[in-house]
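Enquirer: Sequence and predicted model, in that order:
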Amino acid sequence: MIADSYFCVTGAADERYSLCIGNHMSKFRHHSAFPKAKHVQAFRFPHVCFSCRKSFKFPARAATRVCPQCKGPMVRLSRKFSAPKSSDIDQWQKVHYLVENGFLFYPIQEMIAPNASIRAEYPRTLSEAKLFIEKFRS
Ligand SMILES: [Zn+2]
């Protein structure tokens, strides 16, 4: 049994909890007052389907996820990825080309001096992507 004082908000310092001060709700707190433990929190990653040209967010999983729309396999990309509009065929071609070549939108460090690197920008167009891949393929 957890002591009441654990649940009760006695001070009115935070007005978000002012509801809790009333007697009938004295044992309730807003769910945000109970943050999830780190291991319970599942980061959701973009999973892309190149047939549908769509991106869906799901927690990472070892097995390949299938597209909710066409049931084809999806590719998991970095959380940095933001999907183009499905009508933007050129952008999707670029994304597909990068992914085929193993670039999953994780940050890439570019050495600019023997002891200095910067984060490389991902290419904006398909032709930039070709140069980008030549440069960073390891
Ligand atoms: Zn699909």
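Expert: That came through fine.

Enquirer: Every contact and neighbour count from this point should use C-alpha atoms.
Expert: Fine.

Enquirer: Residue 93: how many residues sit nearby?
Expert: 15 (other Cα atoms under 10 Å).

Enquirer: Read off the pLDDT value for it.
Expert: Looking at residue 93, its pLDDT is 98.

Enquirer: same thing with residue 101?
Expert: You'll see residue 101 listed with a pLDDT of 97.

Enquirer: That one: what's its closest spatial neighbour, skipping adjacent residues?
Expert: residue 133 (7.4 Å; Cα to Cα, 6 or more residues apart in numbering).

Enquirer: Any idea how many residues pack against that neighbour?
Expert: 17.

Enquirer: same check, this time on residue 62
Expert: So residue 62, with other Cα under 10 Å, has 5 neighbours.

Enquirer: Stretch 79-97 near the ion at all?
Expert: No: Stretch 79-97 does not reach the ion (Cα under 5 Å from the ion); its nearest approach is 11.1 Å.

Enquirer: Next, the distance between the ends of that stretch.
Expert: 18 Å (Cα to Cα, to the nearest Å).

Enquirer: interface residues of this protein facing the ion?
Expert: Counting by Cα under 5 Å from the ion, the residues of the chain near the ion are 49, 52, 67, 69, 70.

Enquirer: Please state the offset of stretch 88-108 from the chain centre?
Expert: A distance of 16 Å separates the centroid of the chain from that of stretch 88-108, by Cα atoms, centre = their mean, to the nearest Å.

Enquirer: buried set for that stretch?
Expert: 91, 92, 94, 95, 96, 97, 98, 103, 104, 105 (16 or more other Cα atoms under 10 Å).
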